[in-house]
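# Sequence plus predicted model, see below.
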Amino acid sequence: MLRFFLLFLVIQVSLFTAELLRPVQQYVVIPFTEGIAAVSAWLVKLFDERVFSQGIVLRDMDSGFAVSIEAGCNGVEAVIVLVAALLAFSAPWRHKLWGIVIGFFAIQGLNLVRIITLFYLGQWNMKAFEWAHLYIWQALIMLDVLIIFLIWLRYLPKPSTAPAEESHVT
């Protein structure tokens, strides 16, 4: 357990440090966040044509209300925590990779729900928006990471144990 915890911390520190590097921000994180805004706008447009995204901003044309998807709101940090946990755990690489892929999509799926609900909540009531943004959704996204990790643990193959030799007393 200590090995897992220490490896988990080292991987997290490494990934969070890498995320902060200018080239990673410029060529990975910002384009990814712009993609999240575009997908959010596309989903909202299925029901409301008066919405568009520009860069990392999702905006309503009628009210002018907009949300900007900043660092911490793009799901990248939650994915980093999950990836660190999966990589630190002693399991076959095939299962780690499946956990990362499925976990990534599960986290980003919930994050899209988060962004869209906050977008509409902010148009309705800013106090409710702030509370949901800072407390409810932060906790739910990290709870999602924990649940994904626990489900992943459940589907890991059982470690094989060699049959014990029988001892015969004569």
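That came through fine. What you see is a predicted model; the values in this text were computed from it and never measured.

# the longest helix in this protein is where?
Counting residues, the longest helix found in the chain (DSSP state H) is helix 93-124.

# and that helix, what does it pack onto?
Contacts of helix 93-124 with other secondary structure elements, assessed using 3 or more CB pairs under 8 Å, 6 or more residues apart in numbering; DSSP states H and E, are made with helix 30-45, strand 57-60, strand 66-68, helix 76-88, helix 126-131, helix 137-154. No exception for glycine: its C-beta is placed from N, CA and C like everyone else's.

# chain center to it, what's the gap?
Helix 93-124 sits 5 Å away from the centroid of its parent chain (CA atoms, centre = their mean, to the nearest Å).

# Not counting its neighbours along the chain, what's nearest L156?
Of all residues not flanking L156 in the chain, A91 sits nearest, at 5.3 Å (CB to CB, 6 or more residues apart in numbering).

# Low-confidence stretches in the protein?
For the chain, residues meeting the criterion pLDDT under 70 lie at 160-170.

# For the residue nearest to L156, give its distance to F149.
With the distance defined as CB to CB, to the nearest Å, A91 ends up 11 Å from F149.

# for A41, same thing?
Counting by CB to CB, the gap between A41 and F149 amounts to 30 Å.

# swap in S40?
If you go by CB to CB, the gap between S40 and F149 works out to 25 Å.

# who has more neighbours, these two?
Applying other CB atoms under 10 Å to S40 and F149 shows that S40 carries more neighbours, namely 23 against 17.

# Contact partners for the more buried one?
Neighbouring residues of S40 by CB atoms under 8 Å, 6 or more residues apart in numbering: 53, 58, 69, 112, 115-116, 119.

# try it again with 7 Å
Taking CB atoms under 7 Å, 6 or more residues apart in numbering as the contact definition, S40 lies against 53, 58, 112, 115-116.

# Export these as JSON lines, with columns for distance to S14.
Below are the contacts of S40 laid out as JSON lines (distance: CB to CB, whole Å):
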{"residue": "S53", "distance to S14": "31"}
{"residue": "L58", "distance to S14": "31"}
{"residue": "L112", "distance to S14": "27"}
{"residue": "I115", "distance to S14": "27"}
{"residue": "I116", "distance to S14": "32"}
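
# Return the member of those nearest to T17.
Of all the contacts of S40, I115 has the smallest distance to T17: 26.0 Å, by CB to CB.

# which SS class is the residue nearest to L156?
Remark: A91 carries the secondary structure label coil [criterion: DSSP: H, G, I helix; E, B strand; the rest coil].

# And for it, the neighbour number?
16.

# State the distance from it to T17.
24 Å.

# same thing with L86?
To T17, L86 is 19 Å away according to CB to CB.

# No further questions, thank you.
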